[in-house]
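Novice: Here you go, sequence then predicted model.
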Amino acid sequence: MRKVLIEVATAIALTLSAILALATGAHASSVMVMQAYARASATPTAETGAAYVSLMLHGEADRLIAVSTPAAKMAGLHKTVEAEGVMKMEHVDGIGIPAHGMLEMKPGGYHIMLMGLTQPLKEGGEIELTLTFEKAGEVRVKAKVGGVAQMN
């Protein structure tokens, strides 16, 4: 009898676990990274750099709120804007992504600003980025380092 009760309790626990695992909501597996790259440093003494990612959500709307990397002392979300004929970068607190939508970071738009590089970014290398989302949590991704003028 005791064995039967244990088997029934285990079956119920497994069923509940499966139901909870299939429940709707954002999690790291709902974020698909399609492209991740950084531009090589223009000089051996460069202290800043830029990285870009293209993301697709397979679920509810979410917001990219932070980024970090061991390749730099600080990393932040920025966008390039034009003000009175001058292009400049502005820090943003987050970037919203619609449900089942995309975010494409690219030169001249949204990007990840790397400040205080631990070493110059060399073409052919790779850096790790940790993207933090409000709902999906952390997503780690490797970004290839392309040329100084890399576009995608």
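Specialist: Cool, got the structure. All figures in this text were calculated on a predicted structure; none of them were measured in a lab.

Novice: nearest spatial neighbour of residue 110, skipping sequence neighbours?
Specialist: Distance criterion CB to CB, 6 or more residues apart in numbering; nearest residue to residue 110, sequence neighbours excluded, is residue 79 at 5.0 Å. Bear in mind the C-beta positions are built from the backbone N, C-alpha and C, glycine included.

Novice: One more: residue 115?
Specialist: Of all residues not flanking residue 115 in the chain, residue 74 sits nearest, at 4.5 Å (CB to CB, 6+ apart).

Novice: ok, now which ones touch the one you found?
Specialist: Contact criterion CB atoms under 8 Å, 6 or more residues apart in numbering gives 114, 115, 116 as the residues in contact with residue 74.

Novice: Pass me the low-pLDDT residue ranges in the chain, would you?
Specialist: Applying pLDDT under 70 to the chain flags residues 1-28, 149-152.

Novice: Strands of that one, residue ranges please.
Specialist: If you assign secondary structure with DSSP state E, the strands in the chain sit at 31-39, 48-57, 62-68, 72-83, 86-91, 95-97, 102-104, 110-117, 126-133, 137-146.

Novice: Show me what the second one is packed against.
Specialist: So that's strand 48-57. In terms of contacts (3 or more CB pairs under 8 Å, 6 or more residues apart in numbering; DSSP states H and E), strand 48-57 is packed against strand 31-39, strand 102-104, strand 110-117, strand 126-133, strand 137-146.

Novice: In contact with the residue nearest the centre of the chain, which residues are there?
Specialist: Using CA atoms, centre = their mean, the residue of the chain that lies closest to the mean C-alpha position is residue 131, 3.3 Å off. Contacts were defined as CB under 8 Å, 6+ apart; by that measure residue 131 touches 31, 33, 53, 55, 64, 66, 67, 138, 139, 140, 141.

Novice: Going through these, which ones are buried?
Specialist: Of the members of those, the ones counted as buried by neighbours, 16 or more other CB atoms under 10 Å, are 31, 33, 53, 55, 64, 67, 139, 141.

Novice: and the nearest residue to the fifth one once chain neighbours are set aside, how many neighbours?
Specialist: Leaving out its chain neighbours, the residue that sits closest to residue 64 by CB to CB, 6+ apart is residue 95, at 4.7 Å. Using other CB atoms under 10 Å, residue 95 has 17 other residues around it.
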